[in-house]
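Trainee: Take this sequence and fold it.
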Amino acid sequence: MATGIETEKELIIRAAWYYYIQKKTQKDIAEKLNISRMLVLRLLEKAEQEGVIQIKIKNKHSDRLEIEQQLIQKTGLKDAFVIPDPESQDPNQFTDTLAHAGALYIDEYFADNPVINVGYGDTTGRVMNHFAQMSEKRPTYVSLTGGVSIYLLNTKALLSSANLYLIPAPFKASTKEMVQAISSEAAVIEIAQMHKNAACTIIGIGGMNDDATVIKSGIIPKTDFDFLKIRGAVGDVLAHFFDKDGTPIITTAEEHLISYSLEKLEGLNNVIAIAGGKKKYEAIRAAVKARYCNILVTNESTADWLIHSI
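Mentor: Purely as a prediction, here's the structure:
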């Protein structure tokens with residue numbers, strides 16, 4: 001709902017997002033923002049005149065929403081892209097909307113044909129698909145973990161629109177000696193060098209709910225997952241779990257993972273976390289506090305919660 005202190009620029013961006021991205025009618029937008037349909041029409045006209053709409057949503061630093069400014073100031077993030085809360089309560093649609101926003105952000109801020117590190121997960125897979133559908137750029141994606149099939153599962157659109165470099169290994173090895181041997185392979189070392197030079201990195205943030213990707217994909221057995229909860233885990237990044245302060249929770253399973261380490265993430269360029277929703281509130285806060293990401297793409301409710309909880 002629009003408020004008395006909401007600027008016209010913020011209303012323009014919101015109206016444009018609802019109309020062009022969420023495909024809402026002008027009547028729906030008027031009701032949601034508590035404004036007249038005539039004002040909605042004028043806002044959409046201004047969006048076109050001012051270049052807010054160019055197939056994508058432009059949201060330069062000087063024109064960002066107030067909540068983004070507050071989030072950056074409160075958390076120390078390098079940047080943030082906050083989208084309106086989707087009306088639908090469907091988790092699948094919510095994830096897809098966030099992924100679309102992530103693709104828009106990457107297309108807007110990074111040069112043609114960027115090299116992009118990518119973590120495993122449903123959200124990151126959808127980001128790649130949206131990017132393929134909306135951008136003329138041809139990115140090169142470099143995986144941050146093993147598990148070739150995980151990356152190929154939701155990325156059919158990439159076959160003709162991107163280069164894909166995958167670590168040629170499983171996500172989990174049977175022994176820590178095997179992890180060391182795989183890490184010493186020339187192909188794996190080459191990919192590790194690519195990580196350092198990538199323009200940006202996209203990751204998801206997992207929560208501790210029973211439908212978490214690490215459970216559904218079989219990366220972590222349910223019994224181990226429950227044990228991590230008991231030990232205080234609030235979430236994971238790249239299957240590395242951490243507590244409410246972002247401190248890693250070390251288990252024997254860590255020795256078997258072929259996954260980029262948490263402590264090295266801060267050394268990568270522009271680490272973009274794409275995550276939101278109540279189930280992930282604590283996980284996102286912990287990941288931001290621990291500097292596992294320096295850019296966050298999220299929704300308004302999550303951003304508001306972070307601002308008032310950090």
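
Trainee: Which parts of this structure are helices?
Mentor: 8-16, 26-33, 37-49, 66-75, 91-109, 122-134, 148-152, 176-183, 186-197, 213-216, 222-230, 262-265, 281-289, 300-309 (DSSP state H).

Trainee: Nearest to D243 among those helices would be which one?
Mentor: Closest approach to D243 among the helices of the chain (CB to CB): helix 281-289, 6.9 Å. Placement of C-beta: from N, CA and C, glycine included.

Trainee: lowest-confidence stretch among the helices of the chain?
Mentor: The minimum mean pLDDT among the helices of the chain belongs to helix 148-152 (a mean of 80).

Trainee: and the residue nearest the centre of the chain, bridged to which residues?
Mentor: Nearest to the centroid of the C-alpha atoms of the chain, with distances taken as CA atoms, centre = their mean, sits I274, at 1.5 Å. Note on I274: beta-bridge partners by DSSP bridges are V297.

Trainee: contacts for stretch 178-191?
Mentor: With CB atoms under 8 Å, 6 or more residues apart in numbering as the test, stretch 178-191 has contacts from 142-143, 146, 165-169, 173, 255-258.

Trainee: quick check, nearest of these to G246?
Mentor: Closest to G246, out of all of the contacts of stretch 178-191 and judged by CB to CB, is L257, at 18.1 Å.

Trainee: So what's the residue count around the closest one?
Mentor: 23 (other CB atoms under 10 Å).

Trainee: With respect to T247, which of the helices of the chain lies nearest?
Mentor: Comparing the helices of the chain by CB to CB, helix 281-289 comes nearest, at 8.4 Å.

Trainee: Mind listing what's buried along stretch 259-268?
Mentor: S259, Y260, L262, L265, L268 (16 or more other CB atoms under 10 Å).

Trainee: Ignore what I typed, I meant stretch 294-310.
Mentor: Buried, per 16+ other CB under 10 Å, within stretch 294-310: N294, I295, L296, V297, T298, N299, E300, T302, A303, D304, W305, L306.

Trainee: Equivalent analysis for stretch 273-283, please.
Mentor: Buried, per 16+ other CB under 10 Å, within stretch 273-283: A273, I274, A275, G276, G277, K279, K280, Y281, E282, A283.

Trainee: In contact with the last one, which residues?
Mentor: Under the criterion of CB under 8 Å, 6+ apart, the neighbours of A283 are I205, G206, G207, M208, V234, G235, D236, A275.

Trainee: Out of these, which is nearest to V82?
Mentor: A275 (12.2 Å).

Trainee: what pLDDT does that closest one get?
Mentor: A275 is given a pLDDT of 98.

Trainee: if we can go back for a sec, go through the buried residues of stretch 259-268 and name the one nearest I106.
Mentor: L268 (14.6 Å).

Trainee: so what's the closest one up against?
Mentor: With CB under 8 Å, 6+ apart, L268 has these contacts: N117, H195, K196, A198, T201.

Trainee: go on, F81?
Mentor: Applying CB under 8 Å, 6+ apart, the residues near F81 are N59, E68, A101, G102, L104, Y105, I295, L296, V297, T298.

Trainee: switch the cut-off to 10 Å
Mentor: By CB atoms under 10 Å, 6 or more residues apart in numbering, the residues touching F81 are 57, 59, 64-65, 68, 71, 98, 101-102, 104-106, 108-109, 272, 274, 295-298, 303.
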